[in-house]
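Enquirer: Provide a 3D model corresponding to the input given below.
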Amino acid sequence: MRGEVLNLLDFEMMSARHVKAVAGIENQSFACPWSEAAFEAELTNRAARYIVALEDGAVVGYVGYWRIFDEAHITNVAVRPDMRGKGHGRRIMEEIMRLAKSEGVSAMTLEVRVSNLAARTLYASMGFVSAGIRPNYYEDNGEDAVIMWCRF
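Expert: Below is the predicted model of the structure:
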């Protein structure tokens, strides 16, 4: 496995003790980040599922979805900036897809910036396909979002 980083991550369901770290990563990752209060509210949202990725006990990434019948809509996914490029994003997505399948979800969707080629490439490599565009989706600059779906 020349050049490959072994990524030993632990996963947990997000709890109140993770919210501050998750919101910190969110702030570092997005132009219009969710607040700590928004993530706290997700802890009591019956449709929401969030997992955190831990390395040596520290939160290095997270992902969440809202389950709507047999579909999962990814709400947020991010990896701490200093931990990117190590395959953590793929592992986080694999874990949330495993969780969704275990709950009987048959399809997963997300929106991603048209300009975010790295994320679009990752999602495509995991079975997500482009299904359309949401015009002017992002508040900060009016950028379009690509709608992607993966059917299990």
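Enquirer: so is I92 in a helix, a strand, or just coil?
Expert: Under DSSP: H, G, I helix; E, B strand; the rest coil, I92 falls in the helix class.
Enquirer: neighbours around it, how many?
Expert: By the criterion of other Cβ atoms under 10 Å, I92 has 22 neighbours. For the C-beta atoms, the positions are set from N, CA and C on the backbone; glycine is no exception.
Enquirer: determine the three-state secondary structure at A72.
Expert: Of the three states, A72 takes strand according to three-state DSSP.
Enquirer: check A118 too.
Expert: helix.
Enquirer: for R90, see how far away it is.
Expert: To R90, A118 is 11 Å away according to Cβ to Cβ, to the nearest Å.
Enquirer: higher neighbour count, those two?
Expert: Between A118 and R90, R90 has the larger neighbour count (other Cβ under 10 Å), namely 15 against 12.
Enquirer: which residues are contacting the longest strand belonging to the chain?
Expert: Criterion DSSP state E: the longest strand present in the chain is strand 58-68. For strand 58-68, contacts defined as Cβ atoms under 8 Å, 6 or more residues apart in numbering pick out 9, 14, 18, 21-22, 25, 42, 45, 47-54, 72-80, 83, 88-89, 92-93, 95-96, 100, 103, 105, 108.
Enquirer: parallel or antiparallel, list what pairs with it.
Expert: Pairing partners of strand 58-68, with direction, according to DSSP bridges: strand 48-55 (antiparallel), strand 71-79 (antiparallel).
Enquirer: next, count neighbours for N141.
Expert: 10.
Enquirer: I'd assumed V114 was in contact with it.
Expert: No: look at N141 against V114 with Cβ atoms under 8 Å: they stay out of range, at 11.0 Å.
Enquirer: now do N45, the pLDDT please.
Expert: pLDDT, N45: 98.
Enquirer: spatially nearest residue to E12 (excluding sequence neighbours)?
Expert: Nearest non-adjacent residue to E12, counting by Cβ to Cβ, 6 or more residues apart in numbering: V52, 5.6 Å away.
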